[in-house]
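Chemist: fold the following.
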Amino acid sequence: MTDTTRPDTTQPDVAPPDATTADARPDWLDHGRWPAPIRSIGMGEHRVAYSDRGGDGPTLLLVHVGTWSIVWRDVVDRLAADFRVVTLDAPGNGLSTGPARVTIADAARAVDAVVRHLGLDDLTLVFHDLGGPATLEAAAGWPERVRGLAAVNTFGWRPEGPAFRGMLAVMGSAVVRESDAWTGWLVRATSGRFGVGRHLDRDGRRTFRRGMPRRGRRAFHHYLRSARRHDFTTIEATVADLGHLPLLTVFGSRNDPLGFQPRWAERFDDVTAVEVPGGNHFPMCDDPVLVADAITTWHRRAVR
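Modeler: Numbers count the residues shown, from 1 in each chain. Model prediction:
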């Protein structure tokens, strides 16, 4: 069984501008932990939270699917001086609501909704983890808006091979999902120094975990399950269509066991590859200065 639902590329299912909620942050997320205003837009009966920070510079859309946007915080702090930086939480993640069983198609519709709602154009897509498939599926509706892509520890093709598909099957299984939902063992591990927490203090790690309550932990595993079953036809076609654009790949030196970084290089003509020394699955958290500088330098040279 495959998940073949695709984003609406003609009419976004979003609330009108006057239904946008400004600075709709929870009490536990203070401005020090996330300096940007938080807004949300309607997508059907659910709401998608996003932040829009920076000035009049080129637009970067940063998309992560699985946990929530706080993984980008330290990179955004450095990019906002030169760029307009937009982030969002996928349905069921972080500050966004979502259906009980979220899919890659739901995340793609959220990306599409934010882009259309804000009227983003001439934008560079920066995506991490399952944000890769979701963003590329959404971009099928507006390839003319894209000027460059930055792939951060992610993929953009159908999962193949026993190692990749087996990992998605195990992590997306009901047994693993419910054990994590009730105990939070994975989110605790992810908040540590080998995950997002290398440069976070105790309160910062606690804030990350607060954004992953039980429903968020379940959503994470549903996304993994969906990635294994999703129809990647549109995603792979988008990669082919955008293959002439400049691409930046950023991977942790300790976290590319399936060789995703060289596979990206096979699909694009103009590729800049960056490896974060000692980096793991969240290289933007391992070395936010290096990653922000890499994006800025690459964008000035290749995209502008």
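Chemist: can you verify Val85 is assigned to a strand?
Modeler: Yes. Using DSSP: H, G, I helix; E, B strand; the rest coil, the assignment for Val85 is a strand.
Chemist: how far away is it from Arg116?
Modeler: According to C-beta to C-beta, to the nearest Å, Val85 stands 18 Å off from Arg116. For glycine as for every other residue, the C-beta is placed from the backbone atoms N, C-alpha and C.
Chemist: so for these two, which residue has more residues nearby?
Modeler: Val85 (26 against 21; other C-beta atoms under 10 Å).
Chemist: what pairs with that one across the strands?
Modeler: Arg53, Leu60 (DSSP bridges).
Chemist: residues contacting the residue nearest to Gly57 when sequence neighbours are not counted?
Modeler: In space, and not counting its chain neighbours, Gly57 is closest to Phe83: 4.5 Å by C-beta to C-beta, 6 or more residues apart in numbering. Contacts for Phe83 (C-beta atoms under 8 Å, 6 or more residues apart in numbering) come out as 54, 57-60, 296, 299.
Chemist: any chance you could map the helices in the protein?
Modeler: Ranges of helices within the chain are 73-79, 104-118, 131-139, 162-171, 174-183, 185-190, 202-210, 214-229, 233-241, 260-265, 283-286, 288-298, based on DSSP state H.
Chemist: looking at those helices, which is closest to Val48?
Modeler: helix 104-118 (4.6 Å; C-beta to C-beta).
Chemist: the inter-axis angle of the closest one versus helix 233-241?
Modeler: 60 degrees (axes from the mean of the first three to the mean of the last three C-alpha atoms, to 10 degrees).
Chemist: so which elements touch helix 104-118?
Modeler: strand 39-43, strand 46-54, strand 59-65, strand 84-89, helix 131-139, helix 214-229 (3 or more C-beta pairs under 8 Å, 6 or more residues apart in numbering; DSSP states H and E).
Chemist: could you redo the last one with a cut-off of 6 Å?
Modeler: Counting contacts by 3 or more C-beta pairs under 6 Å, 6 or more residues apart in numbering; DSSP states H and E, helix 104-118 is packed against helix 131-139.
Chemist: how far out from the middle of the chain is the helix it packs on?
Modeler: 9 Å (C-alpha atoms, centre = their mean, to the nearest Å).
Chemist: ok, now stretch 188-198?
Modeler: Offset of stretch 188-198 from its chain centre (C-alpha atoms, centre = their mean): 17 Å.
Chemist: can you give me the end-to-end span of that stretch?
Modeler: This stretch, stretch 188-198, spans 13 Å end to end (C-alpha to C-alpha, to the nearest Å).
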